[in-house]
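>>> below is the sequence, then the predicted model.
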Amino acid sequence: MVFINSTYYDFRESTAGKSVIIFGASSLWRYYLRVFPDFEADVASRTLCVVDNDSSKQGTRCKIGRTEIEVKRADELLEQKNYVILLAASMVYQAEICEQLLHMGLAQDLECFSLPLMI
């Protein structure tokens, strides 16, 4: 897996046409949508699912603006193909999530971005 530090606009450009899996059914979406008002149209619209380690969130829907996306377990990352990962969880959890991702056996060229680092 390749962790890429980029601006939001570079992320949008470099991942255009690719599917996205968001890691973290974050409570920060209202804030993220204020900072990145085009996120729903540019990213949420091509998001396959949201994954989260919190079992109480799995099987629910994460609302990003008007878009509702199913929340699944992290092992869904192993089932999907041709996507990038966008970490949306709080920075408090990101080191732990990165460690988890590194030990999942995901493709070495899979790109992973951090939304909070784009702010």
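Thanks, I have it.
>>> what helix or strand is the residue positioned nearest the centre of the chain located in?
Central residue of the chain (CA atoms, centre = their mean): residue 22, 2.0 Å from the mean position. Assigned by DSSP states H and E, residue 22 belongs to strand 19-23.
>>> only alpha carbons, please: show the next helix-or-strand element following that strand as PDB.
Per DSSP H and E, the first helix or strand lying C-terminal to strand 19-23 is helix 29-35. What follows is helix 29-35, C-alpha atoms only, in PDB (Å, rounded to 0.1, in the frame of the first residue of the first chain):
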ATOM      1  CA  TRP A  29     -18.800  15.100   7.800                       C
ATOM      2  CA  ARG A  30     -20.600  18.400   8.300                       C
ATOM      3  CA  TYR A  31     -17.200  20.000   8.900                       C
ATOM      4  CA  TYR A  32     -15.600  18.300   5.900                       C
ATOM      5  CA  LEU A  33     -18.400  19.400   3.700                       C
ATOM      6  CA  ARG A  34     -17.900  23.000   4.800                       C
ATOM      7  CA  VAL A  35     -14.200  22.800   4.000                       C
END
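>>> who does the helix or strand following helix 29-35 touch, helix- and strand-wise?
Using DSSP H and E, the helix or strand that follows helix 29-35 in sequence is helix 39-42. Secondary-structure packing of helix 39-42 (3 or more CB pairs under 8 Å, 6 or more residues apart in numbering; DSSP states H and E): helix 29-35. C-beta coordinates here come from the backbone N, C-alpha and C atoms, glycine included.
>>> thanks again, I'm all set now.
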